[in-house]
Each structure stands twice: as structure tokens, then as C-alpha cells.
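Engineer: coords below, sequence missing:
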């Protein structure tokens, strides 16, 4: 149950950041279309896009860890109750499989706004 709550929270947070990313991409397009746009404004938007991109990547990794943890709990009936409550202890980039799963779970968007 706690793992499901954590997963829902992570998914909601990621969705909020996706919406922020969409707004920043729209703002960048708007600024690029203005002849009198200040380079500083455009640079700030680009930095925010890059930051959100990194945050979305990290959130995707957390979601994959949570999903893996839930799968372990549901497939291993002998897991002790105290272990079920513990957060996954796997490091962020523990396996290539988790990285591939994170990439498959959500397309990343680069600074240009294109999916990468």
C-alpha cells in the first residue's frame, strides 16, 4: 500500500513537471518568434528546460524503481512485512535494465524540444 502511494505521488509530480516543460517549450517558441526578444530571457528559458529535462529523467528513474519494488512485493510471497515497507535501496543507475525501462516509460525531451 505504501509503495502504491509513493508511486502515485511520483507519477503526479512527474506529470506536474511535464506540464511545466510544455509551458517552457511554448514560451521558448514565443520568444524565438519575437524580433525584440532579449537573449537573457531566452537563455533563462533554455536553462529551465534543461533543468526540467534532468528532473523528468530522474523522476522516471524513481518511478521505475517504485514499479520494480511493487513487482517484487507482489511476486515474492515470502517477503517479510518490514521489507515490504522499506523503500527500494537500489542505487539510481543500478542496472541497464532499469535505465532501459525508464527510457521506455517516457520519452525524454531535449533542450531543443524534440524527443530524444
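Structural biologist: Right, received. Where do you want to start? Bear in mind that the values here come from a model prediction, so they are computed numbers and not experimental data.
Engineer: Give me the helices and strands touching the longest helix along the chain, please.
Structural biologist: Taking DSSP state H as the criterion, the chain has its longest helix at helix 39-75. If you count contacts as 3 or more C-beta pairs under 8 Å, 6 or more residues apart in numbering; DSSP states H and E, helix 39-75 packs onto helix 2-33, helix 96-105. All C-beta spots, glycine's among them, are computed from the backbone N, C-alpha and C.
Engineer: Arrange these in CSV, one row each, with mean pLDDT and mean neighbour count as further columns.
Structural biologist: As requested, the helices and strands packed on helix 39-75 are exported to CSV (pLDDT from 0 to 100; neighbours: other C-beta atoms under 10 Å):
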stretch, mean pLDDT, mean neighbour count
helix 2-33, 94, 14
helix 96-105, 42, 14
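Engineer: how about those helices, which one is nearest residue 74?
Structural biologist: With respect to residue 74, and counting by C-beta to C-beta, the nearest of the helices and strands packed on helix 39-75 is helix 2-33 at 9.5 Å.
Engineer: The closest one packs against which elements?
Structural biologist: Packing contacts for helix 2-33, counted by 3+ C-beta pairs under 8 Å, 6+ apart, involve helix 39-75, helix 81-85.
Engineer: now the helices and strands packed on helix 39-75 as JSON lines including distance to residue 52?
Structural biologist: Output for the helices and strands packed on helix 39-75, formatted as JSON lines (distance: least, C-beta to C-beta, whole Å):
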{"stretch": "helix 2-33", "distance to residue 52": "5"}
{"stretch": "helix 96-105", "distance to residue 52": "16"}
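Engineer: Thanks a lot, catch you later.
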